[in-house]
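Student: Sharing a sequence plus its predicted fold:
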Amino acid sequence: MRRQLASYSPLRAHRLLAAAKTAVLAPERTLAELEARLAARFDAPLVLLTDSGTHALQIAMELAQELRPGGPMALPAYSCFDLVTAAAGAHVPVMFYDIDPISLAPDMTSLAAGLRPEGQGRTKYKPPVAVVAGNLYGFPLDWTELRSATHGAGALLIEDAAQGMGSGWKGRKGGSFGDLTVLSFGRGKGWTGGGGGALLVRHPQIIERAQDRASDLLSHDPFSGTRTWSLSMAQWLLGRPWLYALPNLLPGLELGETVYSAPSSPRSMPPAAAATILAHEDLAFAEVDVRRLSVEKWSEQGLDMPSATFCRPLDRGRSSYLRIPVLVPDPEVRDRLLERGRWLGVSPGYPLPLSRLEAVKALWHAQPSGLGGAEQLARELITLPSHSLVSRTDRRRLLELLRAAKGFRL
């Protein structure tokens, strides 16, 4: 029973074994090496390693509130539910700005309205202390415009690069743009350690605060390294099309599902995760090139789809195409594609805008409105796999599926 992965992070058994040995024999050196590697790759004076990207974002929000207390965090209305988890963990109020459904970038008109609420007759609302902006599926953002708008309003820019490693804007690497940048090394992020995250700090007034926060992090529990490494080995073994159907049959794993997780206390990164991340850096970024080539092959098919639209990255940016996002407005067609294509790696996007999560109601700073792009994405978005495990046969079957769907033509 063959089932294609929606996304793929390359792992190798011999590298995992070597990483386990390194983590046991030299744990502190391994963590220090990863800090130095990330600092150099992403041009950051300070790197704080955490047990997850969600906790890295939580700390970023807490640091932003400490520097500029009182206002909310401006979040994209369509993104991973973990953004709300981080805000709940940081106990910060939130407001939302809309997302352009074609470029997956912030709707700058919507963001500008949130940055200057007094200009919209909403003087009872405070402007945000920070704006969180992220690369959905590796799509680039106009970081020049974002930085200008955010700093012009006196807010900090938090770059959520959890899905953006390998992306770029005007020749600069994704992960190098924010006053604070969040990285994630979860299993589906392209560069994985079986878990773990990092907070990159560039704002000079936050560096000292972040150093203090690093010393206050809870230590990873004694079994976290073993658990992280075991999960990586399981991902290496089962993360291939001819075996991936097996974990999908197991209850409780929630593979491919989007669920809200309650917040928890941040911990430090286990050395086993750091060693795994270091051991697979070259493979992770080589995979980005493969994904870009895959998208070129799709483009060569000359698809003409009057009932669907491939999302398009902004000009002057480079996408790392963690997945290939497509808008399908007809709900019957979308449901049919998801049902028949799940074995080929076709997956739904996030099922709700963040503004409609039940957990977010306790954090509202302003009643969400004007979020039509996020609502459209929740209704219409599906993703196609772009990674190196997608074979020519998989691509041919996906094309046949698209041909057979109402409104799709070649």
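Tutor: Thanks, I have it. Numbering: from 1, shown residues only.
Student: for Val390, what are its contacts?
Tutor: Val390 sits next to Gln4, Ser294, Gly345 when contact means C-beta atoms under 8 Å, 6 or more residues apart in numbering. C-beta: built from backbone N, CA, C; applies to glycine.
Student: Lowest mean pLDDT among the helices and strands, pick that one out for the protein.
Tutor: Ranked by mean pLDDT, DSSP states H and E, the weakest helix or strand in the chain is helix 245-249, scoring a mean of 69.
Student: immediately after that helix, which helix or strand?
Tutor: Going down the chain from helix 245-249, the next helix or strand is helix 271-279, by DSSP states H and E.
Student: which residues touch the helix or strand following that following helix?
Tutor: Downstream of helix 271-279, the first helix or strand assigned by DSSP H and E is helix 281-300. By C-beta under 8 Å, 6+ apart, the surrounding residues in contact with helix 281-300 are 8-12, 37, 138, 165-166, 190-192, 310, 318-322, 324, 384, 386-388, 390, 395.
Student: and helix 281-300, which residues are buried?
Tutor: Leu283, Ala284, Phe285, Glu287, Val288, Val290, Arg291, Arg292, Ser294, Val295, Trp298 (16 or more other C-beta atoms under 10 Å).
Student: what is the orientation angle of it with helix 271-279?
Tutor: In terms of direction (axes from the mean of the first three to the mean of the last three C-alpha atoms, to 10 degrees), helix 281-300 departs from helix 271-279 by 60 degrees.
Student: just the strands in the stretch 101-250 of the chain please.
Tutor: Taking DSSP state E, counting those that start in this stretch as the test, the strands found in the stretch 101-250 of the chain are 130-134, 156-160, 168-169, 172-173, 180-184, 197-201.
Student: Can you lay out the ones you listed as JSON lines showing mean pLDDT and mean neighbour count?
Tutor: Converted to JSON lines, those look like this (pLDDT from 0 to 100; neighbours: other C-beta atoms under 10 Å):
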{"stretch": "strand 130-134", "mean pLDDT": "98", "mean neighbour count": "27"}
{"stretch": "strand 156-160", "mean pLDDT": "98", "mean neighbour count": "26"}
{"stretch": "strand 168-169", "mean pLDDT": "96", "mean neighbour count": "21"}
{"stretch": "strand 172-173", "mean pLDDT": "95", "mean neighbour count": "16"}
{"stretch": "strand 180-184", "mean pLDDT": "98", "mean neighbour count": "29"}
{"stretch": "strand 197-201", "mean pLDDT": "98", "mean neighbour count": "27"}
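Student: Please dump the ones you listed into JSON lines; it should also carry distance to Ser103 for every row.
Tutor: Below are the strands of the stretch 101-250 of the chain laid out as JSON lines (distance: least, C-beta to C-beta, whole Å):
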{"stretch": "strand 130-134", "distance to Ser103": "13"}
{"stretch": "strand 156-160", "distance to Ser103": "16"}
{"stretch": "strand 168-169", "distance to Ser103": "12"}
{"stretch": "strand 172-173", "distance to Ser103": "18"}
{"stretch": "strand 180-184", "distance to Ser103": "21"}
{"stretch": "strand 197-201", "distance to Ser103": "24"}
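Student: To Pro241, which of those lies closest?
Tutor: Closest of the strands of the stretch 101-250 of the chain to Pro241 is strand 180-184, at 24.2 Å (criterion: C-beta to C-beta).
Student: which residues sit against the closest one?
Tutor: For strand 180-184, the surrounding residues in contact (C-beta under 8 Å, 6+ apart) are 38, 42, 44, 52-54, 56-57, 60, 63-64, 130, 156-163, 165, 175, 196-203, 206.
Student: please redo it, this time with the cut-off set to 7 Å
Tutor: 42, 44, 52-53, 56-57, 60, 63-64, 156, 158-162, 165, 175, 197-201, 203, 206 (C-beta atoms under 7 Å, 6 or more residues apart in numbering).
Student: again, but for stretch 133-146
Tutor: Contacts for stretch 133-146 (C-beta under 7 Å, 6+ apart): 76, 79, 103-106, 108, 157, 159-164, 166-170, 174, 177, 313-314, 317-323, 325, 383.
Student: Cross these against helices and list the overlap.
Tutor: Among the contacts of stretch 133-146, the ones falling in helices (DSSP state H) are Met108.
Student: And Phe139, how far from Pro76?
Tutor: Note on Phe139: its distance to Pro76, by C-beta to C-beta, to the nearest Å, is 12 Å.
Student: And for Pro69?
Tutor: 23 Å.
Student: neighbour-wise, which of those two wins?
Tutor: Between Pro69 and Pro76, Pro76 has the larger neighbour count (other C-beta atoms under 10 Å), namely 28 against 9.
Student: Grab the nearest non-local neighbour of the more buried one.
Tutor: Once flanking residues are discounted, Pro76 sits nearest to Ile99: 5.4 Å by C-beta to C-beta, 6 or more residues apart in numbering.
Student: now do Asp160
Tutor: Nearest to Asp160 is Gly134, by C-beta to C-beta, 6+ apart, at 3.2 Å.
Student: do the same with Arg395
Tutor: Lys297 (6.9 Å).
Student: what's the answer for Asp51, then?
Tutor: Arg267 is the one closest to Asp51 (C-beta to C-beta, 6+ apart), at 4.3 Å.
Student: What are the boundaries of the helices in the stretch 301-410 of the chain?
Tutor: 331-341, 372-380, 392-404 (DSSP state H, counting those that start in this stretch).
Student: out of those helices, which comes closest to Leu231?
Tutor: Among these, helix 392-404 comes nearest to Leu231, with 25.7 Å by C-beta to C-beta.
Student: Which strands and helices lie in contact with the closest one?
Tutor: If you count contacts as 3 or more C-beta pairs under 7 Å, 6 or more residues apart in numbering; DSSP states H and E, helix 392-404 packs onto helix 331-341.
Student: pLDDT on the helix it packs on, on average?
Tutor: For helix 331-341, mean pLDDT rounds to 91.
Student: Now it - C-alpha only, PDB.
Tutor: Output of helix 331-341 as PDB, limited to C-alpha atoms (Å, rounded to 0.1, in the frame of the first residue of the first chain):
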ATOM      1  CA  PRO A 331     -15.600  22.700  -3.100                       C
ATOM      2  CA  GLU A 332     -16.700  19.500  -4.800                       C
ATOM      3  CA  VAL A 333     -13.600  19.500  -7.000                       C
ATOM      4  CA  ARG A 334     -11.400  20.200  -4.000                       C
ATOM      5  CA  ASP A 335     -12.900  17.400  -2.000                       C
ATOM      6  CA  ARG A 336     -12.600  15.000  -4.900                       C
ATOM      7  CA  LEU A 337      -8.900  15.900  -5.400                       C
ATOM      8  CA  LEU A 338      -8.200  15.500  -1.700                       C
ATOM      9  CA  GLU A 339     -10.000  12.100  -1.500                       C
ATOM     10  CA  ARG A 340      -8.400  10.600  -4.600                       C
ATOM     11  CA  GLY A 341      -5.100  12.300  -4.300                       C
END
